[in-house]
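# Fold the stuff below for me.
(2 chains)
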Amino acid sequence: MADKPLLEVRDLKVEFRTGREIVKAVNGANFTAYPGKTLAILGESGSGKSVSAQTIMRLLQIPPGAITGGTAMFHGVDILKMPMDEWRQMSGKKMAMVFQDALASLNPVFTVGWQIAETFRIHGECSRSEAFDRAGALLERVGIPAARDRVKDFPHQFSGGMRQRVMIAMAVALKPDLLIADEPTTALDVTVQAQIMDLIKDISKESGMSVILITHDLGVVVDVADTVAVMYAGRVVEGGNVIDVLQQPAHPYTLALLRSAPQAREKGERLQPIVGSPPDLANLPTGCSFHPRCAFATDICRRQAPPIKSVAEGRISECHHAETVHHEPVHA
Amino acid sequence: MNPSTPSPAAAGKKPILQVRGLTKHFGASGGFGLTSRSKVIRAVDGVSFDLYPGETLGLVGESGCGKSTVARTLLRLEEPTAGQALFDGKDIFTMDGAEMRNLRRRMQVIFQDPYASLNPRMRVEDIISEPWVIHPDVVPIDQRPDRVRDLLESVGLRRDHAERYPHQFSGGQLQRIGIARAMTLNPQVMICDEPVSALDLSIQAQVINLLEEIQDRHQIAYIFIAHDLSVVRHMSDRVAVMYLGRVAELGTERQVYGSPRHPYTKALLSAEPTINFTNEMQSRRILLQGEVPSPANPPSGCRFRTRCWKAEERCKVDIPELVVQSDGDGHVAACHFPEPLSTGPAH
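Purely as a prediction, here's the structure:
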């Protein structure tokens, strides 16, 4: 990882202020995306993975949301502090996003061709007719059959997988350096998921675009990502090369997650679930947020937040017992 | 749950549920008088399978394959267009009200969305004991409060949770309450329609273990519907793979996952992202073209032929029947050109 980072997020903190309480969705998250590489942010619901992505894309609704700390350095500037009009110039061109629900992300009253062409026209790239042409070419690139005719179709005339292809076409229209994909295949069937993941991989490879993939699916991480950041209770608790992290995890949460997967057990064996429930983000446990569910927890875990430790080259883990966990076999 | 168990038919068991030619077409009759103009959705088209006491039959397939419609029809939440479902020899679809009430004791259901399947205005105690209001002879009134709390404990919740309302629980806990409610009448068959799909991985494992423990304790037969192949594999003794309203392949878990004969099963298994690090899976991935066609206008002949790399002229014309495969009893696949038997180890 000698490369210069493309996006460096440091100590990101995001809160939601509701009537009575403060929900701490992101509590000092750190992660880094490198040029041409794919970073997966892995986490369960409520881990802060989507809020982090929305914050970086400046899509966080303020209020009730509030960025209470941190920086996100992209091409040498902190995009969290950039004035909104400057950001609008940059987003789309430099950084774009694909969401889970493609139908909700498309405008039902405009044709998909119009919506893709809009991207070119807003950024003043070309004339109306040329924009339409380029929209057709893009649809072809993302694998929509008879693309030149289908530019005139409306979103409801496309299937779920095709809509997600349209979203990807819009996102990569201006050849961004970074694509943030938030659970892009969660709503899709597995055979279609495989197609969409391959498409994202292909585009990334051919244009050198970096990808931040937000997912809850361990299999998808293995399939597409170079590096992974595992989130729990609003923090990145473990990070590093995908194969290293998932073969020799150094955080008890990653280890427990791998052990709880049905694929990890032989037929007829009981699964090893993670005990307890996900943390209440309005009332986080003291010390390490994972300690109430952790098999390795000791006194210090209840009292003190763990430091970020480096367990190997390019590998970090936020755990008092990282070294012990790192030597634990995954399949026990 | 021993993987080398022969199929229950071979072991001489009698099925508790026999489904024959189950068909459900939406918009086929009645409607709003628009029948002549509206299209018929062939959600389920001639599905047959047996369910044996104490076993788990997995039903897998992508959205629109009809797996949930099969469940809803068996529960008579939808009326079938054609077919039979013999529960202990008696056809569910011709039962009258009294017979249905009796059936409901013996066949229960767990739904996917625990938030939507529990009444938010009822306390857990009332939710769980409601089946006894309809079937008062199962548990005497004075024993009900205790039984509710026993059931809560048996699904891993606390006795005092009986006083609470659904909004005070997490998704995994709500699913446990749904399971407790399904257990109140001591059913013999439980239809589980995507019971863990809405849950996070760490919680999913808790609920899967609970379902397995309950089955071990009470010998309930499960019809386990899910789109997650690894969950179905873990849970099921036998597996039926569905595609566009039909069964494409059915066999023991080992036969279907270890040596799939239908090209669709093979593609489906290869498309699933795994956490194995060998490149073996990657290289064997079969990337299917396109998406599942609309059940309003399914392809002629074999329904999978439009996406199948083996399709020939014959597949357009002849509808493939479920044919017994050479690797043992009970393994059937509906394909004119089945995959050769794999010689490698099944796991």
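# which sections of the stretch 151-300 of chain A are below the confidence cut-off?
Along the stretch 151-300 of chain A, segments meeting pLDDT under 70 span A:264-267.
# Identify the residue of it closest to chain B, quick one.
The nearest approach of the stretch 151-300 of chain A to chain B comes at A:Gly219, 2.9 Å away (C-beta to the nearest C-beta). Where you see a C-beta, it was placed from the backbone N, CA and C, and this is true even at glycine.
# element containing that residue, please.
helix A:218-224 (DSSP states H and E).
# And the contacts of that helix?
A:38, A:40, A:42, A:185, A:193, A:197, A:200-201, A:211, A:213, A:215, A:228, A:242, A:246, A:257-258, A:261, B:201, B:272-277, B:282 (C-beta atoms under 8 Å, 6 or more residues apart in numbering or on different chains).
# Which element is encountered next along the chain beyond it?
With DSSP H and E, the next secondary element past helix A:218-224 is strand A:227-232.
# List the pairing partners of that following strand within its sheet, with orientation.
If you go by DSSP bridges, strand A:227-232 pairs up with strand A:38-42 (parallel), strand A:235-241 (antiparallel).
# could I get these as TSV with mean neighbour count?
Shown next, in TSV, are these (neighbours: other C-beta atoms under 10 Å in any protein chain shown):
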stretch	mean neighbour count
strand A:38-42	26
strand A:235-241	26
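# burial of the nearest residue to B:Val60 once chain neighbours are set aside, as a residue count?
In this structure, B:Val60 finds its nearest non-sequential neighbour in B:Val232, 5.0 Å apart by C-beta to C-beta, 6 or more residues apart in numbering or on different chains. Using other C-beta atoms under 10 Å in any protein chain shown, B:Val232 is surrounded by 24 other residues.
# Now B:Val232: which helix or strand?
Going by DSSP H and E, B:Val232 is part of helix B:229-235.
# what sits up against that helix?
Residues contacting helix B:229-235 (C-beta under 8 Å, 6+ apart): A:190, A:261-263, A:265, A:267, A:271, B:56, B:58-60, B:196, B:204, B:208, B:211-212, B:222, B:224, B:226, B:239, B:253, B:257, B:268-269, B:272, B:274.
# Might you specify the subset of those residues located within strands?
Among the contacts of helix B:229-235, the subset assigned to strands under DSSP state E consists of B:56, B:58-60, B:222, B:224, B:239.
# And those residues, which is closest to chain A?
Proximity of the ones in strands among the contacts of helix B:229-235 to chain A was ranked by C-beta to the nearest C-beta; the top entry is B:Val60 with 9.9 Å.
# Who does that closest one form a beta bridge with?
Per DSSP bridges, the residues bridged to B:Val60 are B:Val241.
# That one and B:Val247 touch, don't they?
No - using C-beta atoms under 8 Å, B:Val60 is not in contact with B:Val247; the gap is 10.7 Å.
# circling back to that earlier point, which entries within the contacts of helix B:229-235 meet the buried criterion?
A:190, A:261-263, A:265, A:267, A:271, B:56, B:58-60, B:196, B:204, B:208, B:211-212, B:222, B:224, B:226, B:239, B:253, B:257, B:268-269, B:272, B:274 (16 or more other C-beta atoms under 10 Å in any protein chain shown).
# Now do the SS call for the residue most central in space within chain A.
The residue lying closest to the centre of chain A (C-alpha atoms, centre = their mean) is A:Ile214, at 2.3 Å. Following DSSP: H, G, I helix; E, B strand; the rest coil, the label given to A:Ile214 is strand.
# ok, how many other residues are close to the closest residue in space to A:Gln89 that isn't next to it in sequence?
Computed as C-beta to C-beta, 6+ apart, the closest residue to A:Gln89 that is not its neighbour in sequence is A:His123, at 7.8 Å. Applying other C-beta under 10 Å, we find 15 residues neighbouring A:His123.
# Verify the contact between A:His123 and A:Lys94 for me.
No - here A:His123 does not reach A:Lys94: they are 10.9 Å apart, not a contact under C-beta under 8 Å.
# Using CSV, write out the CA atom coordinates for stretch A:260-280.
Backbone C-alpha positions of stretch A:260-280 (Å, rounded to 0.1, in the frame of the first residue of the first chain) are rendered in CSV as follows:
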residue,chain,number,x,y,z
SER,A,260,-21.7,-17.5,12.8
ALA,A,261,-22.0,-18.0,9.0
PRO,A,262,-23.9,-21.1,8.0
GLN,A,263,-21.1,-21.9,5.5
ALA,A,264,-18.6,-22.1,8.3
ARG,A,265,-20.3,-25.2,9.9
GLU,A,266,-20.5,-28.8,8.7
LYS,A,267,-24.0,-30.0,8.0
GLY,A,268,-25.8,-31.1,11.2
GLU,A,269,-23.6,-29.0,13.5
ARG,A,270,-25.1,-26.1,15.4
LEU,A,271,-24.1,-22.6,14.3
GLN,A,272,-22.1,-20.4,16.6
PRO,A,273,-24.1,-17.2,16.9
ILE,A,274,-22.9,-13.9,18.5
VAL,A,275,-24.6,-13.7,21.8
GLY,A,276,-26.8,-10.8,22.8
SER,A,277,-28.1,-8.0,20.7
PRO,A,278,-26.6,-5.2,18.6
PRO,A,279,-25.6,-2.1,20.7
ASP,A,280,-28.0,0.7,21.5
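# just the helices in the chain please.
This is for chain A. Taking DSSP state H as the criterion, chain A carries its helices at A:49-56, A:84-90, A:102-105, A:112-122, A:128-141, A:147-150, A:160-172, A:190-207, A:218-224, A:242-247, A:252-260, A:299-303, A:322-326.
# that's the other chain; I wanted chain B
Along chain B, counting by DSSP H, helices occupy B:67-74, B:97-106, B:124-134, B:144-154, B:171-183, B:201-218, B:229-235, B:253-258, B:263-271, B:280-283, B:313-317.
# Save these as a markdown table, and put in mean pLDDT too.
Shown next, in a markdown table, are the helices of chain B (pLDDT from 0 to 100):
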| stretch | mean pLDDT |
| --- | --- |
| helix B:67-74 | 93 |
| helix B:97-106 | 93 |
| helix B:124-134 | 94 |
| helix B:144-154 | 94 |
| helix B:171-183 | 92 |
| helix B:201-218 | 90 |
| helix B:229-235 | 91 |
| helix B:253-258 | 91 |
| helix B:263-271 | 91 |
| helix B:280-283 | 51 |
| helix B:313-317 | 93 |
